[in-house]
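**Q** Could you look at this predicted model? Sequence included:
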Amino acid sequence: MVFDQTDLYELATFGDEVGVLSLYTTMEPGTQAGRTRLRNEIAALRQELAAGPDQDLARLVGLRLDLLEPQITELLDPAGPGLGRALFAQVAGDEVRTEWLQLPVGDLAILKEHAYLLPLVTAVQADKPAGVARVGRDGVRLFDCRYGLAEELEPVTFDLATAGSSGEEPTTLPGLSQRDIHPSRFDQRVEEHLTKFLRESAPHVAEQARRLDWETLLLVGDPRDTSVLGEALPVGPEIVQVDAVLDPALSPSEVLEFVRPTLDEVRARNDAALAVRARDLALSGGNGAVGLDDILSLLRQGRVEHLLLDEAGQWNAEPMGVTPEELEEEMIELTYEYGGDVTVLETGAAEELAEAGGVAAMLRW
C-alpha cells in the first residue's frame, strides 16, 4: 500500500495499554546492512528492558517480538517494496501496521505508549505531493510525485501535423492539417495551434492538481510554452516554471530525480515564509503562536492547524519530566490527533524561529 498523509493521522491514535513497538529500517538496494542494523536495534531494546525495573514489561515485549518474527522478516526482505519500512505493533493487543515508502527513515526499535512518528514525519514532510508537467510540442505529460514515488498520469497529446483526433485515451486535442494552408504560413499556424491547445489543456491539468492535492506544480519546458499554460491555469497550487528540456525517454522516477533540486528549493522557501508568517501573526495578535508553553496549551485544546518545529530543536523538557525527544513526539502526536499538519524546518527556515525557541504554529482560531 502506498503511503498517504492520512496514515499519519491514523497512527497518531495508534496506542495500547502496555505500549506500542515501533520498528524502522532503511534497506539500501544491493546491501544487507539494513537488516543487520534493525536486528541490532531490536537486541538493544530487549537488553534495555531486561536491565530495567519492570521485568513483567520486559517479558511481555520479548514475547511480542518473538510472535512478530514473521512480520519482521517480511519487513527486512530486500526484495520488498520501499527503501524505508516501518512496523507498528501493539504489545498487549494484536493490531500491527506497516508502512513502505521510497524515502530513508533510519533504523530504530523503540517502545512508547503510542506509535513513534518522528522518523516517519521527518522523512515524508519534505516530499509532499507535487506535480510535474512536461510541456512540449507533442503535448503535456503529467507526473504525480509524492513521498519518494512518481507516477505518470494521462497526458494531453497534440497532433500538430495531421488533422483529426483519435477520441481514445490518452486525451488528444484536434490536429492541424496542412491542406489549404500556404507553406509560408504553416509554421505560424502551428504556433497558433499549439498556443490554443495549451490553453485548452489547462482544465485537465488543473483537475489533476485538485484531485491529487498538489502543493506545487512544476511546468518544465520552453518558457514560451510553459508561460501560455501557466497563465491559463486557474488558482490552485503554486506554479513554478522550469526552463529545461526534459528527455521524453525518462522514466517517472528519473523525472522525479531531475526535478528534486527544484522541489527542494521551493519547499525550503515556502517553509521559511510560513515560519515568518506564523511568527508575525503571533506578534500582531493574529492566528499564530510562538513559544513552547503557549503552543503546548494550544495543542491540547486542538487549536493548532499547522505545527512548525526546528529540526535541531532542543526543547526545555525538564520541568515536564520528559526528554526533548519525548516532548517533540507529544507535540507531533497531538497535532495529527486533531487533524493538523506538521513541518519540520531545516536550518535555514528554522532561523526565523530562533528567538521563539524553535517552535511556532498557525492556529484554527
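**A** Structure received.
**Q** Please count neighbours and contacts with C-alpha atoms only from this point.
**A** Fine.
**Q** Return the residues in contact with G221.
**A** Counting by C-alpha atoms under 8 Å, 6 or more residues apart in numbering, G221 touches 134-136, 241-246.
**Q** Same check on P29?
**A** 78, 83.
**Q** Please name the nearest non-neighbouring residue to A202.
**A** L233 (5.3 Å; C-alpha to C-alpha, 6 or more residues apart in numbering).
**Q** picking that back up, kindly reformat the contacts of G221 as TSV containing distance to L23, neighbour count and pLDDT.
**A** What follows is the contacts of G221, written out as TSV (distance: C-alpha to C-alpha, whole Å; neighbours: other C-alpha atoms under 10 Å; pLDDT from 0 to 100):
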residue	distance to L23	neighbour count	pLDDT
R134	39	26	96
V135	42	22	94
G136	45	20	88
Q241	40	18	97
V242	39	19	97
D243	42	13	97
A244	41	13	95
V245	42	12	90
L246	39	17	91
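**Q** Pull the number of nearby residues for the residue nearest to A202.
**A** When counting by other C-alpha atoms under 10 Å, one arrives at 19 neighbours for L233.
**Q** looking at it, it is touching H204, isn't it?
**A** No - with contact defined as C-alpha atoms under 8 Å, L233 does not count as touching H204 (9.5 Å).
**Q** Poorly predicted segments of the stretch 101-250 of the chain, please.
**A** Within the stretch 101-250 of the chain, the segments meeting pLDDT under 70 span 159-188.
**Q** about what we covered before: could you single out the nearest of the contacts of G221 to T25?
**A** Of all those, T25 sits closest to L246, with 33.5 Å by C-alpha to C-alpha.
**Q** Dihedrals phi and psi, the closest one?
**A** The phi and psi values for L246, taken as degrees, to the nearest 10, are phi -100, psi 110.
**Q** who are the neighbours in contact with it?
**A** So L246 contacts 134, 220-221, 255 (C-alpha under 8 Å, 6+ apart).
**Q** Next step: the residues you listed restricted to helices.
**A** Counted as lying in helices by DSSP state H, out of these, are V255.
**Q** tell me the centre residue of the chain?
**A** In the chain, the residue lying closest to the centroid (C-alpha atoms, centre = their mean) is K128, at 2.7 Å.
**Q** Tell me if I'm right that that residue and L149 touch.
**A** No - between K128 and L149 there is no contact under C-alpha under 8 Å: 10.3 Å.
**Q** how about the longest strand seen in the chain as PDB, C-alpha atoms only?
**A** For the chain, the longest strand by residue count, based on DSSP state E, is strand 15-26. Listed next in PDB are the C-alpha coordinates belonging to strand 15-26 (Å, rounded to 0.1, in the frame of the first residue of the first chain):
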ATOM      1  CA  GLY A  15      -1.900   3.100  21.100                       C
ATOM      2  CA  ASP A  16      -2.000   0.200  23.600                       C
ATOM      3  CA  GLU A  17      -2.500  -0.200  27.300                       C
ATOM      4  CA  VAL A  18       1.000  -1.700  27.600                       C
ATOM      5  CA  GLY A  19       2.800   0.100  24.700                       C
ATOM      6  CA  VAL A  20       3.500   0.100  21.000                       C
ATOM      7  CA  LEU A  21       6.600  -1.300  19.400                       C
ATOM      8  CA  SER A  22       7.800   1.000  16.500                       C
ATOM      9  CA  LEU A  23      10.400  -0.600  14.200                       C
ATOM     10  CA  TYR A  24      12.100   1.400  11.500                       C
ATOM     11  CA  THR A  25      14.600   0.300   8.900                       C
ATOM     12  CA  THR A  26      16.200   1.600   5.700                       C
END
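**Q** Contacts for that strand, please.
**A** The contact list for strand 15-26 (C-alpha under 8 Å, 6+ apart) reads 14, 34-35, 37-38, 57, 76, 83-93, 104-116.
**Q** at 6 Å instead, please
**A** If you take C-alpha atoms under 6 Å, 6 or more residues apart in numbering as the criterion, strand 15-26 is touched by 34, 38, 83-92, 104-116.
**Q** Write the ChimeraX selection for whichever of those residues are buried.
**A** To isolate the buried members of the contacts of strand 15-26 in ChimeraX, using 16 or more other C-alpha atoms under 10 Å:
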select :34,38,83,84,85,86,87,88,89,90,91,104,105,106,107,108,109,110,111,114,115,116
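**Q** Neighbouring strands of the longest strand of the chain in the sheet, and parallel or not?
**A** Neighbouring strands of strand 15-26 in its sheet, by DSSP bridges, are strand 84-90 (antiparallel), strand 108-114 (antiparallel).
**Q** and that strand, how far from the chain's centre?
**A** For strand 15-26, the separation from the chain centroid amounts to 22 Å (computed by C-alpha atoms, centre = their mean, to the nearest Å).
**Q** Kindly export the helix or strand following it (C-alpha atoms) in PDB.
**A** Sequence order places helix 33-50 as the next helix or strand after strand 15-26, per DSSP states H and E. Extracted in PDB, the C-alpha atoms of helix 33-50 (Å, rounded to 0.1, in the frame of the first residue of the first chain):
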ATOM      1  CA  ALA A  33      23.100  -3.600   6.100                       C
ATOM      2  CA  GLY A  34      19.600  -2.500   6.900                       C
ATOM      3  CA  ARG A  35      18.700  -6.000   8.200                       C
ATOM      4  CA  THR A  36      21.700  -6.000  10.500                       C
ATOM      5  CA  ARG A  37      21.100  -2.500  11.800                       C
ATOM      6  CA  LEU A  38      17.400  -3.300  12.800                       C
ATOM      7  CA  ARG A  39      18.300  -6.600  14.300                       C
ATOM      8  CA  ASN A  40      20.900  -4.800  16.400                       C
ATOM      9  CA  GLU A  41      18.300  -2.200  17.400                       C
ATOM     10  CA  ILE A  42      15.800  -4.900  18.500                       C
ATOM     11  CA  ALA A  43      18.500  -6.700  20.500                       C
ATOM     12  CA  ALA A  44      19.400  -3.400  22.200                       C
ATOM     13  CA  LEU A  45      15.800  -2.800  23.100                       C
ATOM     14  CA  ARG A  46      15.500  -6.200  24.600                       C
ATOM     15  CA  GLN A  47      18.600  -5.700  26.700                       C
ATOM     16  CA  GLU A  48      17.500  -2.200  27.900                       C
ATOM     17  CA  LEU A  49      14.100  -3.600  29.100                       C
ATOM     18  CA  ALA A  50      15.700  -6.600  30.700                       C
END
